[in-house]
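Peer 1: need a 3D model of the following:
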Amino acid sequence: MRNFIRRKLWFCGWILIVAGLVLCTLCYELLRRYDGHASPLMLPPAGRFFLPGKAEACFAVFGDFRIQTEPFEAVMKSIRGSGADFALCVGDMARKREIQHFCWLAERMTRAAGNLALFCTPGNNDRESRDPRENGLRAYKGVFGQSGYWFAWGDTLFVALDTSAECLAEGELERLEEVLKAERDHFRRLVVFTHVPPLDLRGNGREECLPPAEAHRLEALLREYRVSLFVAGHQHAEARWEFAGAPLLVAPTSGQQGEGEDPRYGYWLVKLLPDGGIAAECRRVEAGDGTDSVEYFLASRMNQTGWLFRAGILLLLLGCGLVFFLRLPDRDQNVA
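Peer 2: I've put the predicted structure just below:
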């Protein structure tokens, strides 16, 4: 009977050792893949020129999906088939504000986009802190790069503004003015994209927009430099208004719960026409909600804390201790 119990315990010891090795290996692989030290996948093309002089372009505007990957991938599939040259993501991508999560998110977005270029700006749900005086974008910037930047596509200047604190980032208007002074006259059109819209005309009693004083200053600056189009997200509902003498497009949600007359997921498809005009169409997609639970759990939860590695080490120690103890000679047998 005693030998039977020892054999069972011996077997359990080796199971603990194998389980500990598996957990430690899994932890190492997750940290290796999502530790944030690899080259960032989504660094914006700050100051870069694409197809200089081209008089037309087509791009999509989407956002507010917060890793709801099923609707996000349905939206990206529709965008890939729309003829868009690139896409602007107007923020609220993440659920956890840690660098491993952003690494996984960037990989997932790159995979879904295929050959489509993605240019991103952060939303309020992509910040660790809502306080605009604090650096709440460390994890975001570690993977996605700068929160405010500019690039050119053809004859159009694109400028990303950081409104992730639900207001303009410190020094953002001054930075914008410097860019416009240096670059605006070289381009036919100016497109500004950000997360929080400058105004909210829905009339539902909620004001999900920039503070009025900031919006007025921004409007004056953009009027001076002849903005052609302003695009944003944040409100989870499609809207087409006017700001600073130009169209203002607010993107519908691409994953979070929608609001307004049509709560379905969707995006704006914008065409910059050869004659200088702009055409925009809001496209809707049908999709369920939800996240790939296994991949999300492994990439964004298991490797967010040290419990996985500690559990593996504990199992290894318990298993090795049990096996070592059972290798000791049985005192009762020695006495006999």
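Peer 1: residues contacting residue 10?
Peer 2: Residue 10 makes contact with 322, 323, 326, according to CB atoms under 8 Å, 6 or more residues apart in numbering. C-beta: built from backbone N, CA, C; applies to glycine.
Peer 1: now, those residues that are in helices?
Peer 2: Using DSSP state H, 322, 323, 326 are the members of these that sit in helices.
Peer 1: not counting its neighbours along the chain, what's nearest the second one?
Peer 2: If the residues on either side of it in the chain are set aside, residue 323 comes closest to residue 13, at 4.0 Å by CB to CB, 6 or more residues apart in numbering.
Peer 1: can you name the next helix or strand after the helix or strand harbouring the one you found?
Peer 2: Taking DSSP states H and E as the criterion, residue 13 maps to helix 2-34. With elements assigned by DSSP H and E, the helix or strand that comes after helix 2-34 is strand 49-50.
Peer 1: in the very next helix or strand once past that next one, what counts as buried?
Peer 2: As assigned by DSSP H and E, the chain's next helix or strand after strand 49-50 is strand 57-62. By neighbour count with 16 or more other CB atoms under 10 Å, strand 57-62 contains the buried residues 57, 59, 60, 61, 62.
Peer 1: got the contact list for the fourth one?
Peer 2: What that stands for is residue 61. Listed by CB under 8 Å, 6+ apart, the contact set of residue 61 reads 87, 88, 90, 193, 231, 233, 249, 251, 267, 268, 270.
Peer 1: try residue 167
Peer 2: For residue 167, the contact set (CB under 8 Å, 6+ apart) comprises 132, 196, 210, 211, 214.
Peer 1: most neighbours, which of those?
Peer 2: When neighbours are taken as other CB atoms under 10 Å, the top entry among the contacts of residue 167 is residue 196 (28 neighbours).
Peer 1: pretty sure that one is touching residue 124, no?
Peer 2: Yes. Counting by CB atoms under 8 Å, residue 196 does reach residue 124; the two are 7.2 Å apart.
Peer 1: overlap in contacts, the two.
Peer 2: 166, 234.
Peer 1: returning to that earlier point: what subset of the contacts of residue 10 is buried?
Peer 2: Buried residues within the contacts of residue 10, counting neighbours by 16+ other CB under 10 Å: 322, 323.
Peer 1: helices and strands of this protein: which one has the lowest mean pLDDT?
Peer 2: Least confident helix or strand of the chain, by mean pLDDT, DSSP states H and E, is helix 331-335 with a mean of 50.
Peer 1: coming back round to it: among the contacts of residue 167, which are located in helices?
Peer 2: Judged by DSSP H, helices contain the following of the contacts of residue 167: residue 214.
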